[in-house]
Structure formats: structure tokens, C-alpha cells
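Visitor: the sequence isn't on hand, but the structure is:
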């Protein structure tokens, strides 16, 4: 979400945008729960650009909301072409989508990238995070460390 925000900011967009996700039974509630923390991190790192972030993301059923079906098809096709260059079905999409450029904020998430993110997160914890982010992380996990626990250690434990 923050990547989309930064991309829009870099392109000169200065109005709040909407972000619409599929009502995924498995991930939908997690995305909604995590959004306040994601937004707070964006506000911490890029306060000007974070003004563009939506108040909260929207969720729609992809059966009823056709733009989600189109996005799903395009994402599936991109992944398929990336992993199987011999795959030629739907190659007509390449010409139709040729004006779409890859964002500088776009990332490929594999095991190594996820480990890297965890390492960066630990480094940020070591540098210190605002108390409100530490509290949100604890609340999301539903755990409360004893009052004497170092808050940086508490967040590190939540992330491990």
C-alpha cells in the first residue's frame, strides 16, 4: 500500500486515493487489521506522501466488481509469464498493457526477500520505533509483555 502511495506521489498525484481488495476470506480480515499499522509506518517514513493513503482500504467481491477480475487475470498472467517463458496463452495482453510501466517500488517477494525484510525490520527496531507502533504490534498479536519488558525486545519477539 505504501509502495502505491509513493508511486502516486512521485507521479505528482496529490489527492487521497482508494485501494480496493478482493474480499478474501483468508487474508481480508488480516489486511484490514494490519492497515492502521501499515499507514502509521508510511506516515513515519514519508509523512507528506502518506497524506494520500486512504482512511482504510475497501473490500469487494471479485464476482461483483469486474475491475478486480481484470486485475486478477493480469497478475496471474504476469506471474505465469515470469515463471514459464514458453507460456503463450493470453499474449495479446502484452500489447494491450504495453503502456503500463513497472514501478520503481515494485518488488518480487521470494524467501530471500522475506528474510531480508525481517532483517531490515529488526534493524529498525534496534534503531527505535515510536511507542504507538510498538503498542499496535502488541495489540495485533494479542499479547501483552510484562511492564518491565524492553519494548524493542517485545516487538522483536512478536516478529520472530
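Guide: Great, that's in hand. Keep in mind that what you see is a predicted model, and the values were worked out from it rather than measured.
Visitor: all strands of the chain, in order?
Guide: 20-22, 58-60 (DSSP state E).
Visitor: just the ones you listed: most buried one?
Guide: Ranked by mean neighbour count, those are led by strand 20-22 with a mean of 17 (mean count of other CB atoms under 10 Å). In this view, the C-beta of every residue, glycine as well, is placed from N, C-alpha and C.
Visitor: contacts for that one, please.
Guide: 28, 31, 57-62, 65, 67-68, 72 (CB atoms under 8 Å, 6 or more residues apart in numbering).
Visitor: repeat that for stretch 61-80.
Guide: So stretch 61-80 is in contact with 20, 22-23, 60, 87, 90, 93, 97, going by CB under 8 Å, 6+ apart.
Visitor: one step back: which stretch in the strands of the chain is the model least sure about?
Guide: Among the strands of the chain, strand 20-22 has the lowest mean pLDDT, at a mean of 89.
Visitor: now do that one: distance to the chain's middle.
Guide: 12 Å (CA atoms, centre = their mean, to the nearest Å).
Visitor: again with stretch 20-27
Guide: Using CA atoms, centre = their mean, the offset of stretch 20-27 from its chain centre is 13 Å.
Visitor: how about stretch 29-37?
Guide: For stretch 29-37, the distance to the chain centre is 10 Å (CA atoms, centre = their mean).
Visitor: buried stuff in it?
Guide: 31, 34-35, 37 (16 or more other CB atoms under 10 Å).
Visitor: residue 83: which of the residues you listed is nearest?
Guide: For the buried residues of stretch 29-37, the residue nearest residue 83 by CB to CB is residue 31; the value is 24.7 Å.
Visitor: skipping its backbone neighbours, what lies nearest the closest one in space?
Guide: Leaving aside its sequence neighbours, residue 31 sits nearest to residue 21 (CB to CB, 6 or more residues apart in numbering; 6.0 Å).
Visitor: who's the one you found bridged to?
Guide: Residue 21 has these beta-bridge partners by DSSP bridges: residue 59.
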